[in-house]
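**Q** Model the structure of this input:
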Amino acid sequence: MPVTVIVTRNAPDRFHGFLASCMLEVTPGVYVSPRMSKAVRERVWRVMQDWMGLLPQNSGLVLLWSDQDAPSGLGMLLIGWPKKELVDQEGMWLTLGQLTQQHDIQELKALTHLHEEA
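**A** Predicted coordinates for the structure are as follows:
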């Protein structure tokens with residue numbers, strides 16, 4: 001039974017109360033269970049899915065657990081927001097963020113500077 005983690009963002013109190021009844025809240029909005037079975041994890045997630053209509057537009061939940069068959073060995077389910085796009089790239093989870101043109105230029109200058117020093 002792998003460690004299970006649920007992270008909430010701007011979720012109503014109902015979510016926090018339910019999750020705190022079956023997991024340890026280690027910091028606001030972050031719940032962990034060291035030995036949650038797959039069956040219990042799936043039941044908890046079904047409750048979250050049943051209540052997802054109660055979530056404000058800028059909120060969400062992410063469920064994480066160890067899964068050797070998933071990219072990076074990390075099983076992941078999302079409801080709501082993700083602020084970053086998650087992509088499976090050759091068996092590894094990658095997060096993509098929005099880059100501005102200025103960010104691209106600064107990054108290229110830094111890389112160029114590193115190559116000049118070598």
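
**Q** show me the contacts for the residue nearest to P12 when sequence neighbours are not counted.
**A** When the adjacent residues along the chain are set aside, P12 lies closest to L54, with 5.7 Å between them (Cβ to Cβ, 6 or more residues apart in numbering). In short, each C-beta sits where N, CA and C put it, glycine included. Going by Cβ atoms under 8 Å, 6 or more residues apart in numbering, L54 touches P12, R14, F15.

**Q** can you give me the strands in this protein?
**A** In the chain, the strands defined using DSSP state E lie at 4-9, 24-27, 30-33, 60-66, 74-80, 85-89, 92-96.

**Q** Please name the bridge partners of L74.
**A** Judged by DSSP bridges, the bridge partners of L74 are S66.

**Q** Could you report the neighbour count for it?
**A** The number of residues packed near L74 is 15, by other Cβ atoms under 10 Å.

**Q** Surely it is in contact with D67?
**A** Yes - using Cβ atoms under 8 Å, L74 is in contact with D67, at 6.6 Å.

**Q** partners of V30 in the sheet?
**A** V7, T27.

**Q** and it, what pLDDT?
**A** Per-residue confidence (pLDDT) for V30: 96.

**Q** Could you count how many residues lie near it?
**A** When counting by other Cβ under 10 Å, one arrives at 14 neighbours for V30.

**Q** Please report the distance of it from G53.
**A** Here the criterion is Cβ to Cβ, to the nearest Å. By it, V30 lies 23 Å from G53.

**Q** ok, now R43?
**A** From R43 over to G53 the distance is 19 Å, taken as Cβ to Cβ.

**Q** Which of these two has more residues huddled nearby?
**A** Between R43 and G53, counted using other Cβ under 10 Å, R43 has the larger neighbour count: 13 against 6.

**Q** Next, find the distance separating the more buried one from W51.
**A** When distance is defined by Cβ to Cβ, R43 is 13 Å away from W51.

**Q** and if you look at P34?
**A** Computed as Cβ to Cβ, the P34 to W51 distance reads 25 Å.
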